[in-house]
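# Build the 3D model from these lines:
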Amino acid sequence: MIVGRARPLTRTQLGRTVLAGLLIAGIGGASATFSDEAPSGAPFQIVATGFEKPTGLVVHPQGFLLLTDRKTGVLYRLTPGFTATGEPAFSSEVLFSGLDEPIGVAVEPLEDVLVAESGKSRLVRFRKLGKVFSAVPEPVTGGLKDPRWLVLDSEGAIFLSAGGIKKEKLPKRTPQPKDDVLLRIAPDGALRVVADGFKELRGLALDHSGQLFAGAKRRRGDKEKSEGTIFEIRLPDGAVSPVIAGGFEGPRDLEFDGLGALFFTAKGIREQKKSDDDDEDDKDDRAGNRSSGEREPDGRDEEDDDQPSKPGKGVILRATFKDDGTLDRLTLFAGGLGEPEGLAFDADGNLYVAERKHGRVLRFEAPAPPILEPLPSFTQKRTLTVRGTAEPNALVTILGGASPATGLADGSTGAFAADGSTGTFAIDVSLTPNSKQTLRVFATRAGGNELTSAATEATVTHDDVPPDTTITSGPSGPLPSTTATFEFRATEAGSSFLCELDGRGFAACTSPKSYTGLTPDLHTFRVKARDQAGNEDPTPAERSFTPDTPDRP
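Residues are numbered from 1 along each chain as shown. This next block holds a predicted model:
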C-alpha cells in the first residue's frame, strides 16, 4: 500500500475558490498485484496490456469495456475475468479494425456503440445485433474537424467535442464557430453548435442533474492564460463558466462517480505561469479571425505529437462541489501515470483508465458496499438510525431520505474484525414524512477523499397517520342468537386488528370475529386497526347488541 501525503502548490487559481494543497490519496485493502511502475498515489491493478495508444474507454451495460486504440485504429472489447491465481484480468478481443484515429467511444440506450473517428472527420455507429455488433460502421455525421470525445444525455442526444465543423453542415444563417467547438446531435440527427471558442477542448461528462462539463486548455478571451480548465456548460442555452482553472495542464477525459465527484485525467500538475504560446493566442483573440478547427500556432495537434511527455507526470484529479455548484475541494487521486486518457466507472464504482504511454488499462478498486443491519419496512419515527459496517475510516453517505446524511465508519480496532478494525457506523437519517423511500448507502474510502462504492439499498416507509376502522357487518341492537359475528376492515392495506368485548381488554383478532355462548345482556364490541408502522386507530369502531333467544316449544 502506498501511503498518502500532502503536496502543496502555490498561486493556483481554481475557478471560484483557491486550492491550498493537493492530497495524494492512498487506497488500502485492495487485493491486487501492483506494478513496479505504480503511480505515486492510489494502488491499481493492470487488467489489460499490449495496446499502442489506448485512448477512449467506456463500460458497456453488459459489463465489458470498450476501448479505442488511436494509433492502430482498433476498437477492442475487454471482458472481465480472473487469472489462474484468482487475480482480476481481462481478455481482449478486436471488435473492429481499420478505423482512422478513433478517440471517444460511447454506448447508446439500445446498446449501439458510437466512435469518434478523428482521421476521417466523422462520427460512426456500430449496431448491436444480438450478441454481436455490425461489421461495418454506419456514419452518423461527417464534416467534422478532428472529432474527439463524446457523451450521451438521458434522451439519447450526443454531445461531441471537435476542432470545428464545415460550414455546409450547419443550419442556414448559423455563424461559423471559432476555435474548438462543442456540438449536439439530436436523436433525429439535427446538429447544432452549443458553444465555441475553446482551446484544445477534450473530455465531456454529464453530472447527475444533466448539466454538462468539459475539459479544455482555456477559452478565447479568458484573462487568465490557464493550461487547464474545467468548464460547466449550462443546458440548453450553452452558457459557459469555468469551475476549476489552473494548477494542472491538458485535461482529457471526465467522469462523475456515484456521489457526483468529478474525476478527470490530465497531463500533469503545474504552477500557473504564462506559456510560450500565450502571445500567439493573444494575437488570435484580438484578431478574431482564426478559422474554425484550425490547429494551434505550432501547426499541429499536440495529441499527434509523437514525442512523449515526461514520464511520471500524468495524473487523475478528483473534484467535489458545494451545493451552489462552486468547487469545494480538488485532490490528486493518482500521479505518476503515463499519459492517462479515457476514464470509465463500472457498476461497482471501480475506476478504469487507459494509460496511453504504457499501452495498458488500469483499474482502481472501489471499496465494498456497506453492509446494513435490518431496517424496519415501516416506521413512525421521523428519524431512523441506520447501522452497519463499511471499510474502516470510510465516509458513509446516505441518500434518499429527507436530506443527505453522513458519518464515518469506525477505524478503531475490534476483536471481531479480521483486519483489526471494526468499520461500524450508526447514522441518523431524517425521513420524508408519510412516504415510501429507498435509502442508498455509499462508502467513500479514506474519509471521503477517494473512490465510492456501489450503493446498498433499503426501502423504508414513514407513516405516522393512524388508520380508520370500519365494522362492515354484525349485530346492532337485538340479536336472536347467543352467537355474534362481526366483520371489519381498515383504510390501510396490511393493517392488523385488536378486538375487545365489554371492556375486557383489546387482543389481536382477525375478520370475521365471532363470540359464542353470550348471555342475554347488553354487550359492546369494539375493534381498532393497527397499521404496519404501529399506528393505532384512536377511535375504535363499536357496536352494541343484546342476545334474545326465544323459548323453544
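# domain assignment for the protein?
Domain segmentation of the chain under automatic domain parsing yields 5-297+314-364, 371-462, 469-547.
# Confidence-wise, which of those is weakest overall?
For the domains of the chain, the weakest mean pLDDT is recorded on domain 5-297+314-364, namely a mean of 81.
# to the chain's geometric centre, what's the distance from it?
With CA atoms, centre = their mean, to the nearest Å as the basis, domain 5-297+314-364 stands 16 Å off its chain's centre.
# and what of stretch 476-488?
Put simply, stretch 476-488 sits 61 Å off its chain's centre (CA atoms, centre = their mean).
# List the buried residues in it.
479, 484, 486, 488 (16 or more other CB atoms under 10 Å). Yep, even glycine has a C-beta here, placed from its N, CA and C like the rest.
# Tell me what the last one is bridged to.
Using DSSP bridges, the beta-bridge partners of Phe488 come out as Ile471.
# how far away is it from Arg356?
72 Å (CB to CB, to the nearest Å).
# ok, now the first one?
Distance check for Leu479 against Arg356: by CB to CB, it reads 89 Å.
# Same check on the third one?
To Arg356, Phe486 is 78 Å away according to CB to CB.
# now swap in the second one and tell me
In this structure, Ala484 and Arg356 are separated by 84 Å, where distance is defined by CB to CB.
# returning to that earlier point: and the buried residues of stretch 476-488, which two are the farthest apart?
Maximum pairwise distance in those, criterion CB to CB, is 17.1 Å, between Leu479 and Phe488.
# returning to that earlier point: Thr72: which of the buried residues of stretch 476-488 is nearest?
The closest of the buried residues of stretch 476-488, once distances to Thr72 are taken by CB to CB, is Phe488, at 75.5 Å.
# Can you give me every residue that contacts that closest one?
469-472, 474, 497, 511, 513, 527, 541 (CB atoms under 8 Å, 6 or more residues apart in numbering).
# top of the residues you listed by neighbour count?
Val527 (27 neighbours; other CB atoms under 10 Å).
# Which parts of the stretch 201-350 of the chain are strands?
All strands of the stretch 201-350 of the chain, identified by DSSP state E, counting those that start in this stretch, fall at 204-206, 212-216, 218-219, 229-233, 240-245, 248-256, 262-269, 314-321, 327-337, 340-345.
# so which of those strands gets nearest Leu67?
Comparing the strands of the stretch 201-350 of the chain by CB to CB, strand 340-345 comes nearest, at 7.4 Å.
# Return the list of strands paired to whatever helix or strand comes next after that closest one, each annotated with direction.
Helices and strands here follow DSSP states H and E; after strand 340-345, the next one along the chain is strand 351-355. When pairs are called by DSSP bridges, strand 351-355 turns out to pair with strand 340-345 (antiparallel), strand 360-364 (antiparallel).
# Need the contact partners of the last one.
With contact meaning CB under 8 Å, 6+ apart, strand 360-364 is reached by 27, 42-51, 54, 57, 65, 67, 78, 88, 90, 333-334, 337, 350-355, 451.
# which helices and strands sit right next to the helix or strand following it?
Next along the chain after strand 360-364, taking DSSP H and E as the criterion, comes strand 371-372. Under the contact criterion of 3 or more CB pairs under 8 Å, 6 or more residues apart in numbering; DSSP states H and E, strand 371-372 touches strand 383-389, strand 456-462.
# could I get the ones you listed as a markdown table with mean neighbour count and distance to Ala190?
A markdown table is the format used below for those (neighbours: other CB atoms under 10 Å; distance: least, CB to CB, whole Å):
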| stretch | mean neighbour count | distance to Ala190 |
| --- | --- | --- |
| strand 383-389 | 18 | 47 |
| strand 456-462 | 18 | 38 |
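# now the strands for the stretch 451-553 of the chain?
Assigned by DSSP E, counting those that start in this stretch, the stretch 451-553 of the chain shows strands spanning 456-462, 469-473, 477-479, 484-490, 496-501, 507-509, 513-515, 523-530, 541-547.
# Could you dump those into a markdown table and include distance to Ala157?
Listed next are these as a markdown table, based on distance: least, CB to CB, whole Å:
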| stretch | distance to Ala157 |
| --- | --- |
| strand 456-462 | 29 |
| strand 469-473 | 53 |
| strand 477-479 | 71 |
| strand 484-490 | 49 |
| strand 496-501 | 51 |
| strand 507-509 | 57 |
| strand 513-515 | 61 |
| strand 523-530 | 51 |
| strand 541-547 | 57 |
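# which one of these lies closest to Gln176?
Using CB to CB, the nearest of those to Gln176 is strand 456-462, at 49.8 Å.
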